[in-house]
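>>> For reference, the sequence and a predicted model appear below.
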Amino acid sequence: MTKIALFLILMFFCSGIALAEMRTYTLNQYELSDENGAVKTFPIKSDEKKPMFLKLTLAGLGTNKVTAQAPIYNLSVESQVYPLEKNNGTGVDGADWYYVRGDQGLTVIEIKGESIKLHNLGLVNYTYVGALDRSVN
């Protein structure tokens, strides 16, 4: 009987891991604020002035073990992503908020629907803007 109970408990935890959501986003813009507080969005471009895209992959959404990977310092060296709000990361505006702490500062991830903003609050402040990559998800 204990073997069956142990098997059922193990299956419950494994099914939770398997059902965790994984999303890939394409970051292709950045935001800048002027001295009056107006926000303007610009495309990300390479040194050759060609459009550039950054991929952001979030895994474990909907669980307490969220991880993220992107070619951004904090998301390259840190593995654990934490919900920002007490109520599992959902803010009053309906967006889901997460953060990553690193030795270069703080990175905040804002997910609202299919759009995403990645706010770097470290040594160099910037915000990347992107959307859910439908070709992957």
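Perfect, thanks for sending it.
>>> Longest strand in this protein, please.
Across the chain, the longest stretch assigned as strand under DSSP state E is strand 21-33.
>>> From the contact counts, what lies against the next helix or strand after that one?
Scanning forward in sequence from strand 21-33 by DSSP states H and E, the next helix or strand is strand 39-43. With contacts defined as 3 or more CB pairs under 8 Å, 6 or more residues apart in numbering; DSSP states H and E, strand 39-43 has these neighbours: strand 21-33. Yep, even glycine has a C-beta here, placed from its N, CA and C like the rest.
>>> What helix or strand is the most centrally placed residue in the chain located in?
Geometric centre of the chain, nearest residue: Ile109, 4.7 Å, by CA atoms, centre = their mean. Assigned by DSSP H and E, Ile109 falls within strand 105-112.
>>> what residues does that strand touch?
58, 68, 72, 74-75, 81, 84, 93-100, 116-123 (CB atoms under 8 Å, 6 or more residues apart in numbering).
>>> Run through this structure and note the low-pLDDT ranges.
1-20, 85-92 (pLDDT under 70).
>>> swap the cut-off to 80 and go again
1-20, 62, 77-79, 85-93, 122-124, 136-137 (pLDDT under 80).
>>> can you pull out the helices in it?
2-18, 73-77 (DSSP state H).
>>> Going by neighbour count, which residues in the shortest one are buried?
It refers to helix 73-77. Tyr73, Asn74, Leu75 (16 or more other CB atoms under 10 Å).
>>> Over to stretch 114-134?
By neighbour count on 16+ other CB under 10 Å, the buried set for stretch 114-134 is Ile116, Lys117, Leu118, His119, Asn120, Gly122, Thr127, Tyr128, Val129, Gly130, Leu132, Asp133.
>>> Could you check how far the nearest residue to Gln104 once chain neighbours are set aside is from Ile72?
Residue nearest to Gln104 in three dimensions, not counting chain neighbours: Gly122, with 4.4 Å by CB to CB, 6 or more residues apart in numbering. Counting by CB to CB, to the nearest Å, the separation of Gly122 from Ile72 is 10 Å.
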